[in-house]
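> Sequence plus the predicted model coming up.
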Amino acid sequence: MKVTIDGQSIEVEPGTTILQAARMIGGEVVPPAMCYYSKLKGSGGKCRCCLVEVSKGSEADPRPMPKLMASCVTGCMDGMEVNSKSSPRVTEARKSVTEFLLINHPLDCPVCDQAGECDLQNLSFEHGKSETRFIEEKRTFEPENIGPNIQLHMNRCILCYRCVMVADQLTDDRVHGVMDRGDHSNISTCISKAVDNEFSGNMIDVCPVGALTDKTFRFKSRVWFSKPYNAHRNCPTCSGKTTVWMFGDEIQRVTGRKDEYHEVDEFICNGCRFDHKDIADWTIEGPRAFEKDSVINQNKYNRKLQKVEIATEDHILIGREEDRKKISMVEIPLTEEDIINQKSLGNNG
């Protein structure tokens, strides 16, 4: 099937969603997504960040769809034409969705461990507004301890359901979920039971905001001060392929390897994530590159730096060079004119 998104056409298989087709094209046509996760079945359709305008339904029925559609759950049709970033309607809708997500989100970025790799930060930077219309009191929740390795900040949660799906699809004993309804909805274990299954740490990797963070890395450093390396080890539980974040010779945290859409390539076990922080436990493959605009990628070894050359006309520096010789080299004697000038200056003083 042929699908056109923002004027760029691509052939896709039946069953492909608009978001998946956009990711095949790449670039700025890709809608943002806060709840969709390609590795998790049933994800998507909740955050409404990926809204697009379908200007042509298909070759068989060319009528446009009257409402904006969630691209992560809308299937492609042969001959479909979609407007993403090129549509003013879509741009305005994404600004509204971003404003809605930020209504209850606290301004924790200066102290949040997710800062620098937060999808909500990226969304706010591109679609956020500089002011807020929200004058009511923000929704808050009491802190809850869900185990020794994972820190839950429910005030930051946007209810994307990714962490619930990870526990459902990777483990047999999910103990947490979404409690209550409406604006009281929250992620909880209900009876404050610890989330301690072998793959529970993947909740941290899939969380798009700072609602679930690594307790072993809590307040240790900002991510842009660490150097990420691809590394692996022989693990009987998972693939052992990870990214280790180092500060000097210290491994500060271990995460799964993520692609350009911040989705992990392979889920890793808690043993690799929390228990192996010794550099001798890992085989370091090399530095990991990030997208060019990422703050993690700033001032790192994997950036190609161009040599800076200052093109200055030679004759401009001739006078400076002569002065430098007179000041720094005692072998060059003063001329008679220089001596006369010095004496005249002394007499005037």
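Structure received.
> make it CA atoms for all contacts and neighbour counts henceforth
Fine.
> Now do the buried residues in stretch 229-242.
229, 230, 231, 232, 233, 238, 240, 241, 242 (16 or more other C-alpha atoms under 10 Å).
> That should have said stretch 73-86, apologies.
In stretch 73-86, counting by 16+ other C-alpha under 10 Å, buried: 73-86.
> And for stretch 180-194?
Buried residues in stretch 180-194 (16+ other C-alpha under 10 Å): 186, 187, 188, 189, 194.
> between the buried residues of stretch 73-86, which is closest to residue 6?
For the buried residues of stretch 73-86, the residue nearest residue 6 by C-alpha to C-alpha is residue 83; the value is 5.1 Å.
> Following the chain past the lowest-mean-pLDDT helix or strand in the chain, name the next helix or strand.
The weakest-scoring helix or strand in the chain, judged by mean pLDDT, DSSP states H and E, is helix 318-328 (a mean of 62). Downstream of helix 318-328, the next assigned helix or strand under DSSP states H and E is helix 336-348.
> distance between that next one and the chain's centre?
68 Å (C-alpha atoms, centre = their mean, to the nearest Å).
> now stretch 174-186
26 Å.
> Could you do stretch 107-115 as well?
Distance, centroid of stretch 107-115 to centroid of chain: 13 Å (C-alpha atoms, centre = their mean).
> now stretch 146-155
With C-alpha atoms, centre = their mean, you get 20 Å for stretch 146-155.
> contacting residues for residue 231?
241, 242, 243, 244, 282, 283, 284, 285, 286 (C-alpha atoms under 8 Å, 6 or more residues apart in numbering).
> May I ask which helix or strand encompasses it?
strand 227-232.
> could you give the mean pLDDT of the very next helix or strand once past that strand?
Next helix or strand after strand 227-232 toward the C-terminus (DSSP H and E): strand 241-247. With pLDDT averaged residue by residue, strand 241-247 scores 93.
> who touches strand 241-247?
225-233, 251-257, 266, 268, 288.
> In PyMOL, how would I select just the buried ones from the residues you listed?
The PyMOL command for the buried members of the contacts of strand 241-247 (criterion: 16+ other C-alpha under 10 Å) is given here:
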select buried, resi 225+226+227+228+229+230+231+232+233+251+252+253+254+255+256+257+268+288
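> Considering the buried residues of stretch 180-194, which member attains the minimum pLDDT?
Among the buried residues of stretch 180-194, residue 194 has the lowest pLDDT, at 77.
> wait, it sits on residue 144?
No - Residue 194 is beyond contact range of residue 144, at 10.0 Å (criterion: C-alpha atoms under 8 Å).
> hey, what's in contact with both of those two?
Contacts common to residue 194 and residue 144, judged by C-alpha under 8 Å, 6+ apart, are absent.
> Residue 174: what's its closest spatial neighbour, skipping adjacent residues?
Excluding its sequence neighbours, the residue lying closest to residue 174 (C-alpha to C-alpha, 6 or more residues apart in numbering) is residue 167, at 5.3 Å.
> Check residue 237 too.
residue 269 (6.5 Å).
> Report the separation between residue 151 and residue 216.
Counting by C-alpha to C-alpha, to the nearest Å, the gap from residue 151 to residue 216 is 9 Å.
> Who has more neighbours out of those two?
residue 151 (20 against 17; other C-alpha atoms under 10 Å).
> Doesn't that one lie inside a helix?
No - looking at residue 151 with DSSP: H, G, I helix; E, B strand; the rest coil, it is strand, so not inside a helix.
> which stretches of the stretch 51-200 of the chain form strands?
51-56, 69-70, 80-83, 150-152, 177-179, 186-188 (DSSP state E, counting those that start in this stretch).
> right, and these - which one's nearest residue 212?
strand 150-152 (4.9 Å).
> That closest one pairs with which strands, and in what direction?
For strand 150-152, the paired strands and their directions (DSSP bridges) are strand 212-214 (antiparallel).
> Relative to the whole chain's centre, how far out is the strand it pairs with?
15 Å.
> which residue sits closest to residue 105, ignoring its sequence neighbours?
residue 156 (5.3 Å).
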